[in-house]
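Q: fold the stuff below for me.
(one chain, ligands or ions: 1)
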Amino acid sequence: MEPLVRGDCHAHMILDAVYWKDAISRHSEAVDTDYVRGVLERYREAGMTYVRDGGDTHGVCQYAARIAPEYGIEYRQPAFAMHRKGRYGNIVGFAYSDLNEFRMMMQMAVAQGADFIKIMVSGILDFHEAGKMSCEPLPPEEIRTLVDMVHDAGLAVMLHINESRAVLPAIEAGADSLEHGFYMDEECLAALAEHRDATVWIPSIAPVGNQIGSGRFPDEVLRTIVRGQQERVRYAVEHGARIALGSDAGAYAVPHVTGAQDEYRYLKEALAPCRTEEEIQKMLRENEEWIRRRFRRS
Ligand SMILES: [Zn+2]
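A: Modelled structure (predicted):
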């Protein structure tokens, strides 16, 4: 029987869904190859054949990509993510202080076998207050310049991004994939639909929804954020936007494999009023295929 979920378009092999510091220190001396093989084995057992990694600073996703074919898995990765110095992104990447440095790091990622470039545009959600972020996003001009630089190098770009004021310029610049994308307004969602041939949105609801009941944050706030994202997913799909399944597996409370299944459940719940399960599956498969084609070195 075909598995319900065939791929996860946003995961981090280096993270283990428990505590990020311990997870990363597992690989501090060298990549823990047994650990990586164990995770890939779980993907294989679940019948999953595609993983797109969001990057790390220890060569873990690069190692996973090298051995994944042994498990029948197409594994794509950016080597490491990049963020502007002083902003969010240390967990999964390195900092650039100017555009020259960004260009050099991009070349370094490519030399290390990156399939695409990953950039951190925004901060992370504040789970104490819906609508609030940990920091300001990059200014629109910088977002446009970075996207252009990646495209000029002949690569696709995956953006960690939230809020309309960051997402809208990213869509207009032709960013290939928008990760998370919380707090988009109607104008932004309409632009997403209009640019469906250029841009895919990965709403990653599991990292929020899976924390409900954990006692770490107010459940009511988490529920509000999840509901808001699900409403936007429905609006976007009804207006023709391209949406794919990516769980951010490895993030707190989002284990590899089951995180993707959880994400499927959140998306299904969001789309139940307007799409049959068969239609949802078909849509997610088509959009995963679109990502498979675009996020690889041609
Ligand atoms: Zn991520």
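Q: separation between Ala251 and Gly72?
A: 25 Å (CB to CB, to the nearest Å). From N, CA and C alone the C-beta is placed, and that goes for glycine too.
Q: over to Tyr266?
A: For Tyr266 relative to Gly72 (CB to CB), the value is 27 Å.
Q: then Ala270?
A: Applying CB to CB to Ala270 and Gly72 gives a distance of 30 Å.
Q: give me the beta-bridge partners of Ile161?
A: Beta-bridge partners for Ile161, by DSSP bridges, are His180.
Q: that one contacts Val167, doesn't it?
A: Yes - here Ile161 reaches Val167: they are 5.6 Å apart, a contact under CB atoms under 8 Å.
Q: and whichever residue of the stretch 101-250 of the chain sits closest to the ion, how many neighbours?
A: Proximity of the stretch 101-250 of the chain to the ion (CB to the ion) peaks at Asp248, 4.5 Å away. By the criterion of other CB atoms under 10 Å, Asp248 has 28 neighbours.
Q: with Arg144 instead?
A: Quick note: Arg144 (other CB under 10 Å) scores 17 neighbours.
Q: look up how far Val39 lies from Tyr71.
A: 10 Å.
Q: mind listing the shared neighbours of those two?
A: Common contacts of Tyr71 and Val39 (CB atoms under 8 Å, 6 or more residues apart in numbering): none found.
Q: quick revisit: in contact with the residue of the stretch 101-250 of the chain closest to the ion, which residues are there?
A: So Asp248 contacts His10, Ala11, His12, Gly54, Glu179, His180, Ser204, Ala206, Pro207, Val254, Gly259 (CB under 8 Å, 6+ apart).
Q: what lies in contact with the helix or strand where the first one lies?
A: Per DSSP states H and E: His10 is located in strand 7-11. Identification of contacts with strand 7-11 by CB under 8 Å, 6+ apart yields 48-54, 177, 179, 202, 204, 244-250, 256, 259-260, 263, 288, 291-292.
Q: now with 6 Å, please.
A: The contact list for strand 7-11 (CB atoms under 6 Å, 6 or more residues apart in numbering) reads 48, 50-54, 179, 202, 244, 246-250, 260, 288, 291.
Q: no more questions from me, cheers.
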